[in-house]
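with the sequence up front, the predicted model follows.
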Amino acid sequence: MEFIVQLISRAYGLLWGDLITLPLPGGGSIGLSLLVLLLIPTGIFFTIRTRFLPVRLFPEMLRLTVEKRGTNGSAISGLQALVISTATRVGMGNLIGVVAAISAGGAGAVFWMWLSALIGSSTAFVEATLAQLHKQPDPLYGGYRGGPAYYIHDFLAKGRRKSVIAVLFAISGLICWCGISQVISNSVSSAFYNAFSVPPLYTTVALVAVSAVIVLRKHATVKVLDVLVPIMAGLYFLMTIFLIVKNAALLPSVFSQIFEEAFGIRQAVAGGFGAVLMQGVKRGLFSNEAGSGSAPCAAAAADITHPAKAGLLQAFGVFLDTIVICSCTAMIMLLTPAETIAGLSGMDLLQTAMDYHLGSFGVVFIALILLLFSFSTFIGVLFYARSNVAYLFGDNWASQTAYKILALVMLFVGGLAAYTFVWDLGDVGIGLMTVFNIAVIIPMSREALASLREYESARKKR
């Protein structure tokens with residue numbers, strides 16, 4: 001066991017630790033991890049190749065969210081694919097992740113989170129469009145299935161039954177989602193203990209029981225997320241708007257703080273610019289998941305009239321996650337007096353901020369929102385797992401059910417005890433997914449870019 005923990009720790013350090021350290025004026029430095037070195041240049045490359053798609057085609061993204069579904073009644077619509085990917089993006093990264101970014105990097109980290117979302121949107125477009133181009137009929141659940149394991153296979157297998165890289169991606173995904181399951185239940189049980197003094201065992205048993213009823217049924221996942229995601233995101237957004245209006249007089253100083261600290265005007269003397277930049281970039285990338293290969297598992301399942309439409313919807317999902325929802329958490333914190341939350345971190349910090357704004361109701365509200373965010377994440381990642389399990393073990397209910405039961409066991413264990421290496425396990429899983437995915441979508445991007453040109457050409461002829 002100790003060997004496994006050490007192996008995970010070393011893998012985490014390789015993927016997320018500082019691979020290169022660059023000196024900065026003023027005596028500071030900036031550390032660049034392997035994943036940042038992969039994702040940021042890739043995002044910039046795709047942003048240029050798509051001719052700044054996130055800005056240029058934003059109105060079209062909005063239009064597609066209300067477009068009618070295709071003709072395959074057993075498949076999900078493009079909007080439902082967006083809902084599923086939003087369910088997993090809009091999770092703990094939007095709450096605890098943003099809190100961690102601002103705690104370590106200050107208000108300026110918010111600006112770099114926004115920028116990483118704009119860059120990541122183009123990457124999300126490319127991987128989702130590729131997933132649509134290489135999707136397959138799903139003989140078990142009906143409709144379609146696909147994702148990185150499938151387009152990696154088509155690119156590298158060359159007639160072989162399996163592609164090694166595709167297999168490694170699928171395994172990394174399943175490892176990641178098991179780790180996330182434990183993190184989810186631990187966060188929920190902790191929040192409910194803080195808000196209601198409910199013993200973790202009771203919260204965990206209830207969470208696992210409700211999850212089991214949904215994930216062990218064939219078609220319950222999408223139906224539940226269709227209802228849950230708009231409600232939870234809407235409530236959180238409306239609550240934040242209320243707090244912003246209530247504290248409108250403070251907004252100029254908040255935005256001033258964000259932009260001043262983003263470029264190290266206050267931190268330059270102390271050499272803190274590197275921490276501001278990297279905290280914002282890392283948390284932004286972790287939250288929106290662009291490039292990791294997660295969301296394409298949902299995008300491939302969509303019944304949609306053109307592959308580029310799935311890509312545009314997933315690009316919009318990155319905007320929704322980071323620009324909208326993550327900004328909500330940032331505003332809740334930055335509108336709270338610094339002395340009120342000094343020395344706090346994680347869920348304690350966020351709940352204290354909400355207590356300042358809304359009293360005990362705020363603490364309860366955050367606990368309930370975390371429950372909804374985390375629950376939807378669990379349901380969403382098990383939807384992602386379908387195609388990866390099928391790629392590894394073939395089309396059979398035994399392997400599908402076995403993985404769901406394993407994830408439920410992880411959900412139960414995580415609610416009762418926090419194992420630090422399990423958090424690292426989830427990070428290692430998503431890190432490995434990103435490495436395998438980025439290595440393939442760059443040479444395959446020609447297909448996605450051709451699909452975009454074809455789509456735009458057809459639009460002009462209407």
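Structure's in. What do you need? Computed from a predicted model, the values in this text were never measured in an experiment.

quick one: the helices in the stretch 101-250 of the chain?
Counting by DSSP state H, counting those that start in this stretch, the stretch 101-250 of the chain has helices at residues 108-133, 148-156, 164-196, 200-215, 220-246.

tell me which other helices or strands the shortest one touches.
Read that as helix 148-156. helix 108-133, helix 164-196, helix 296-299, helix 360-393, helix 420-461 (3 or more CB pairs under 8 Å, 6 or more residues apart in numbering; DSSP states H and E). In short, each C-beta sits where N, CA and C put it, glycine included.

tell me which of the ones you listed sits most buried.
helix 296-299 (a mean of 32; mean count of other CB atoms under 10 Å).

same for that one, what does it pack against?
Where contact means 3+ CB pairs under 8 Å, 6+ apart, helix 296-299 is packed against helix 78-89, helix 108-133, helix 148-156, helix 307-318, helix 360-393.

re earlier: which stretch among the helices and strands packed on helix 148-156 comes nearest A101?
A101 sits nearest to helix 108-133 of all those, at 4.3 Å, using CB to CB.

quick one: that closest one to helix 420-461, angle?
Put simply, helix 108-133 runs at 60 degrees to helix 420-461, going by axes from the mean of the first three to the mean of the last three CA atoms, to 10 degrees.

mean confidence for helix 108-133?
For helix 108-133, mean pLDDT is 88.

tell me where the model's unsure across this protein.
Scanning the chain for pLDDT under 70 picks out 1-5, 24-30, 68-78, 86-97, 104-105, 218-223, 264-287, 345-347, 417-424, 462.

tabulate the helices and strands packed on helix 296-299 in a markdown table, adding columns for distance to I441.
Below are the helices and strands packed on helix 296-299 laid out as a markdown table (distance: least, CB to CB, whole Å):
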| stretch | distance to I441 |
| --- | --- |
| helix 78-89 | 16 |
| helix 108-133 | 5 |
| helix 148-156 | 8 |
| helix 307-318 | 11 |
| helix 360-393 | 17 |
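
out of these, which gets nearest to E339?
helix 360-393 (17.7 Å).

one step back: make JSON lines from the helices and strands packed on helix 148-156 and add distance to E289 to it.
Output for the helices and strands packed on helix 148-156, formatted as JSON lines (distance: least, CB to CB, whole Å):
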{"stretch": "helix 108-133", "distance to E289": "8"}
{"stretch": "helix 164-196", "distance to E289": "10"}
{"stretch": "helix 296-299", "distance to E289": "10"}
{"stretch": "helix 360-393", "distance to E289": "10"}
{"stretch": "helix 420-461", "distance to E289": "7"}
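
so which of the ones you listed gets nearest M410?
Proximity to M410 (CB to CB) singles out helix 164-196 among these, at 4.1 Å.

next one: that closest one to chain centre, how far?
Relative to its chain's centre, helix 164-196 lies at 12 Å (CA atoms, centre = their mean, to the nearest Å).

could you do stretch 153-160 as well?
Put simply, stretch 153-160 sits 28 Å off its chain's centre (CA atoms, centre = their mean).

end to end on it, go ahead and measure it.
Using CA to CA, to the nearest Å, the end-to-end distance of stretch 153-160 comes to 9 Å.

other residues contacting it?
With CB atoms under 8 Å, 6 or more residues apart in numbering as the test, stretch 153-160 has contacts from H134, K162, S163, V164, I165, A166, Y391, V440, P443, M444.

that older thread, between the helices and strands packed on helix 296-299, which gets nearest to L243?
Once the helices and strands packed on helix 296-299 are compared by CB to CB, helix 360-393 is nearest, at 9.2 Å.

helices and strands around the very next helix or strand once past the closest one, which ones?
As assigned by DSSP states H and E, the chain's next helix or strand after helix 360-393 is helix 397-416. Packed against helix 397-416 by the contact rule (3+ CB pairs under 8 Å, 6+ apart) you find helix 164-196, helix 200-215, helix 360-393.

so which of the helices and strands packed on helix 148-156 comes closest to A290?
Set against A290 and scored by CB to CB, these come closest in helix 108-133, at 3.2 Å.
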